[in-house]
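Chemist: Here you go, sequence then predicted model.
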Amino acid sequence: MKIICQIGIIFTLCWVSEIVEALLPFSFPASVIGMILLFVLLALRVLKVEHIREKSDFLLSNMAFFFIPAGVSIINYFDVLAGNVGKLLLICFLTTILTFAVTAWTVRGVLLLMNRKPGKQKPEKKTEGRREYV
């Protein structure tokens, strides 16, 4: 019964995001609206992680399965893609480097922000009369 409730919560959020997408005067993906809605509900503590933990863990562990339809549909457009292989490889290479760089900068920035929190100091280690940080 617990899993059925979790599925109901997730599908309700998806349904609400589809309604919001239909009401918007501009194009915006319902999946992104659903993620934003889920984030807001979790941040406001209206919805707790325990309410959706088991079902979300299941979906995350089987995420590769959800990419099969997209991979199969690429075959339908193979003739279009075959003429642009060089461009596609260049785009993949550049976006991979860009993604790595942005991820590294984000992690570095978050670590800097976490270390600057007031009252959060590094533990000291004593070594023969001088202080060193661990």
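Modeler: That came through fine.

Chemist: okay, CA-based contacts and neighbour counts for the rest of this
Modeler: Noted.

Chemist: The residue most central in space within the chain and M114: what is the separation?
Modeler: Geometric centre of the chain, nearest residue: M35, 8.7 Å, by Cα atoms, centre = their mean. Separation of M35 from M114 (Cα to Cα, to the nearest Å) stands at 25 Å.

Chemist: same question, L23
Modeler: For L23, the distance to M114 equals 39 Å [Cα to Cα].

Chemist: Identify the single longest helix in this protein, thanks.
Modeler: If you go by DSSP state H, the chain has its longest helix at helix 85-115.

Chemist: That helix packs against which elements?
Modeler: Identification of packing neighbours for helix 85-115 by 3 or more Cα pairs under 8 Å, 6 or more residues apart in numbering; DSSP states H and E yields no helix or strand.

Chemist: going forward, begin numbering at 54 instead of 1
Modeler: In the new numbering, first residue 54, that becomes helix 138-168.

Chemist: Give the buried residues for that helix.
Modeler: Of all the residues in helix 138-168, not one is buried under the rule 16 or more other Cα atoms under 10 Å.

Chemist: And the strands in the chain?
Modeler: Here the chain has its strands, by DSSP state E, at 177-180, 183-186.

Chemist: residues in contact with stretch 68-76?
Modeler: Contacts with stretch 68-76, where a contact means Cα atoms under 8 Å, 6 or more residues apart in numbering, come from 80-84, 86-87, 90.

Chemist: Max pairwise distance over the residues you listed: which two?
Modeler: Using Cα to Cα, the two most remote members of those are S80 and L90, lying 16.8 Å apart.

Chemist: which of those two has more neighbours?
Modeler: Between S80 and L90, counting by other Cα atoms under 10 Å, L90 is the more crowded of the two (16 against 9).
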